[in-house]
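J.: Prediction below, plus the sequence it came from.
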Amino acid sequence: MSDATLEASAAAASPDPRGVALRRVAGHAGLMTGATLLAAIVILSLAAPLIAPHDPYAQDLAKRLAPPIWDARGDWSHPLGTDNLGRDYLSRVLWGGQISLLIGFSVMIISGLIGSTLGLVAGYFGGRIDLVVTFIVTARLALPVVLVALAVVAVASGSLLVVILVLGLLKWDRFAVVMRSATQQVRHLDYVAAARAAGASTARIILREVLPNVAPQLIVVATVEAASAILLEAALSFLGLGVQPPLPSWGLMISEAKAYMFFSFWLIAIPGTALALLVLAINLVGDGLRDTLAPDGRA
Amino acid sequence: MLAYALKRLGLALLVALAVSAASFVLLRISGDVALAIAGEGARAEDVDLVRRTYGLDRPLIVQYGEWLARTLTGDFGQSLYFKTSVAGLIGDKIGATVILAFASLTLALAVALPLGVLSALFPNTWIDRLSLTIAVLGQALPNFFFALALVMVFSVKLRWLPVSGSDTWAHFVLPAISLGLYITPPFMRLIRAGMIEALASDYVRTARAKGLSPLSVVVKHAMRNALAPVVALAGVQFGFLLGGSIVIETIFALDGLGYLAYESITHKDFPVTQAVLMILSVVYVLLTLATDLVNAWLDPRLRTG
């Protein structure tokens, strides 16, 4: 018997499936690593007002481009050094985490609402409605996201709100595709038929019977999309067409440091590593949840 | 097959039409073209003159119809910033982007194919963990950060490769690696999963039972079946690469469509942005159409859909 079948039969034999799921979650090394890392980043970013040693916007032109402490010339007044305007880099990185988390979370909510509504409706009703939704999704997939986002942000002028709205309105395609196929799989199952026979309204069936049963796939897509939104915002801001200065967006910080990269590469390495760690943490959580919650789903 | 092909072609045309209308409206409502043509700080009457001269005061649907009619004859208009024909500009730049996309796709497959197959043959060994690490890193590293790190090591420290430009093959190495790493993980996952499934299947067991050599079983029986979805993914990724190379082309000042798109956006050169957007969308539609037709030709069960 393989590990997978062993696990499946153990889950089937257990009187308490939720306990088994919890134990599987706790036993998943990647998931635990990702969750710990993500929790650390969230706590550090939210605590930025309390723990940041300096004001992230305060300039000190006498102390421009101070090196971080691992450099022989570094000192503890600026543990990660300062940028080209003498702003404390540690404080900016901590505050920048809030921007990335805000982007990831709000884009995930907006695109999740649009995409899963489309997917649920298409999957549940099928027929002509499904054709229309599939057509919309196909058309949306044909639009290159980065190019459209850049063009719209450029004319609508970049602000945090505009970036969130543009990405949220563009990135719902994966939600729609996954929710559609997940809904198609459950709509003919007995409990849905039973609810229909009991005279439940369509809205009630979709929200109370279908949605909870496709939730695992929804959660997995949500993590993937949050990570991808964070990377996209960073890329837009890096190109100067996303979040605008003086906000400490990690992508923008890398962009501002480009001119100094030959002598002060840590100015790029620090926010770059922060971005990579955050995306890594979210992806590990997503992969772990896929293994434990939706092992045979196609999310 | 012919009926399916015609139906699929009709759908592709409809999608292309919908996308062209959507992108036209999107760009028009998010900015004032007349103001962009007249330039920053132009007087109100000058802007009005431009608006009337270019016909921008007419209803959006009329403007779209006219633009579509011109575009279908291959006339993309004049660039406001480069002051030449848009079609000519795109013809000059598209080569670099196609070369970059091919190079990145080849690199990604050259890494993903052996690692994906080996990690399926030897699951939970060091080679499986190595490929998993590459996949996880490739997904987490922002590609512009990875690109700058490559520049730092190979151009600044080692001085092996040029920092920017697109004159020789050497200019394409770092951009191709930066883009290639980004698209390697999905290929690796798909190849590994496909191989594991194929290796556990009845036909592979039969081939083994017949006493065929292990190499022949893996290459001729398992791989051939595991690779069909990889072809489909390659088609989609190629389209994605053409549109996704904006960031990388801009970093390396690689003179392709992506860099052109970036420049047109920063200079509010609407005709160019519109044309690049349209071309990338149509290429994507054509690629998915081709992939669907090849798949339907390989597997008749798909033709009913």
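T.: Thanks, I have the structure now. Bear in mind the structure is a predicted one, so any value in this text is a computation, not a measurement.

J.: would you list every one of the helices in chain A?
T.: Taking DSSP state H as the criterion, chain A carries its helices at A:3-13, A:17-26, A:29-46, A:48-51, A:89-125, A:127-142, A:145-156, A:160-170, A:173-186, A:190-197, A:202-204, A:211-238, A:250-257, A:266-293.

J.: Comparing those, which comes out most buried?
T.: Highest mean neighbour count among the helices of chain A (mean count of other C-beta atoms under 10 Å in any protein chain shown): helix A:250-257, with a mean of 26. Where you see a C-beta, it was placed from the backbone N, CA and C, and this is true even at glycine.

J.: quick one: contacts of that helix?
T.: Contact with helix A:250-257 is made by A:83-84, A:92-93, A:96-97, A:99-100, A:233-240, A:242-245, A:264, A:267-268, A:271-272, A:274-275, B:142, B:144-145, B:148, as judged by C-beta atoms under 8 Å, 6 or more residues apart in numbering or on different chains.

J.: one step back: of all the helices of chain A, which lies closest to residue B:181?
T.: Closest approach to residue B:181 among these (C-beta to C-beta): helix A:266-293, 12.2 Å.

J.: Are the closest one and chain B in contact anywhere?
T.: Yes - using C-beta under 8 Å from any C-beta of the partner chain, helix A:266-293 reaches chain B at A:268-269, A:272, A:275-277, A:279-280, A:283-284.

J.: That helix - contacts with which helices or strands?
T.: helix A:17-26, helix A:29-46, helix A:89-125, helix A:211-238, helix A:250-257, helix B:126-140, helix B:143-150 (3 or more C-beta pairs under 8 Å, 6 or more residues apart in numbering or on different chains; DSSP states H and E).

J.: which parts of the stretch 101-250 of chain A sit against chain B?
T.: Residues of the stretch 101-250 of chain A lying close to chain B (C-beta under 8 Å from any C-beta) are A:135, A:138-139, A:141-148, A:150-152, A:154-156, A:227, A:231, A:234-235, A:238-241.

J.: what about 10 Å?
T.: Contact residues (C-beta under 10 Å from any C-beta of the partner chain) of the stretch 101-250 of chain A with chain B: A:131, A:134-136, A:138-148, A:150-157, A:162, A:166, A:224, A:227-228, A:230-232, A:234-236, A:238-241, A:250.

J.: did I read that right, residue B:212 in a helix?
T.: No - Residue B:212 sits outside any helix when classified using DSSP: H, G, I helix; E, B strand; the rest coil, being coil.

J.: rewinding a little: and of the helices of chain A, who's closest to residue B:195?
T.: With C-beta to C-beta as the criterion, residue B:195 lies closest to helix A:3-13 of these, at 16.5 Å.

J.: Let me know the average pLDDT across the closest one.
T.: In this model, helix A:3-13 carries a mean pLDDT of 43.

J.: What separation is there between whichever residue of the stretch 1-150 of chain A sits closest to chain B and residue B:239?
T.: For the stretch 1-150 of chain A, the residue closest to chain B is residue A:144, as judged by C-beta to the nearest C-beta, at 3.0 Å. Residue A:144 sits 8 Å away from residue B:239, going by C-beta to C-beta, to the nearest Å.

J.: Find residues that contact each of these two.
T.: Counting by C-beta atoms under 10 Å, 6 or more residues apart in numbering or on different chains, the residues touching both residue A:144 and residue B:239 are B:280-281, B:283-284.

J.: The residues you listed in helices, which ones?
T.: Within the shared contacts of residue A:144 and residue B:239, residues falling in helices by DSSP H are B:280-281, B:283-284.

J.: any low-confidence regions in the stretch 1-150 of chain A?
T.: The model of the stretch 1-150 of chain A has pLDDT under 70 over residues A:1-26.

J.: contacting residues around the residue of the stretch 1-150 of chain A closest to chain B?
T.: Here residue A:144 is in contact with A:150-151, B:23, B:239-240, B:242-246, B:258, B:261, B:276-277, B:280-281, B:283-284 (criterion: C-beta under 10 Å, 6+ apart).

J.: can we see that at 7 Å?
T.: Applying C-beta atoms under 7 Å, 6 or more residues apart in numbering or on different chains to residue A:144 gives the contacts B:243, B:280.

J.: repeat for residue A:54
T.: Contact analysis of residue A:54 by C-beta under 7 Å, 6+ apart lists A:88, A:91.

J.: From residue A:94, how far out is it?
T.: 10 Å.

J.: same thing with residue B:217?
T.: Taking C-beta to C-beta as the measure, residue B:217 falls 55 Å from residue A:94.

J.: For residue B:272, the count of nearby residues, please.
T.: For residue B:272, the count of nearby residues is 25 (other C-beta atoms under 10 Å in any protein chain shown).

J.: And it, how close does it get to residue B:135?
T.: From residue B:272 across to residue B:135, the span is 36 Å (C-beta to C-beta).

J.: again with residue A:72
T.: Distance of residue A:72 to residue B:135, given as C-beta to C-beta: 37 Å.

J.: what does residue B:114 give?
T.: Distance from residue B:114 to residue B:135, by C-beta to C-beta: 14 Å.

J.: and these two? which has more neighbours close in?
T.: residue B:135 (23 against 14).

J.: The helices and strands packed on helix A:266-293: which one's closest to residue B:10?
T.: Of all the helices and strands packed on helix A:266-293, it is helix A:89-125 that lies closest to residue B:10, at 20.3 Å by C-beta to C-beta.

J.: Give me the distance between that closest one and the centre of its chain.
T.: 6 Å (C-alpha atoms, centre = their mean, to the nearest Å).

J.: any idea what sits nearest residue B:261, other than its immediate chain neighbours?
T.: Leaving aside its sequence neighbours, residue B:261 sits nearest to residue B:276 (C-beta to C-beta, 6 or more residues apart in numbering or on different chains; 4.5 Å).

J.: Number of residues surrounding that neighbour?
T.: Neighbours of residue B:276 under the rule other C-beta under 10 Å: 30.

J.: And the residue of the stretch 151-299 of chain A closest to chain B?
T.: Among all residues of the stretch 151-299 of chain A, residue A:155 sits closest to chain B, at 3.1 Å; criterion: C-beta to the nearest C-beta.

J.: Per-residue confidence at that residue, what does it come out as?
T.: pLDDT, residue A:155: 78.

J.: quick one on the thing from earlier: out of the ones in helices among the shared contacts of residue A:144 and residue B:239, which is nearest to residue A:27?
T.: Nearest to residue A:27 among those is residue B:284, at 41.6 Å by C-beta to C-beta.
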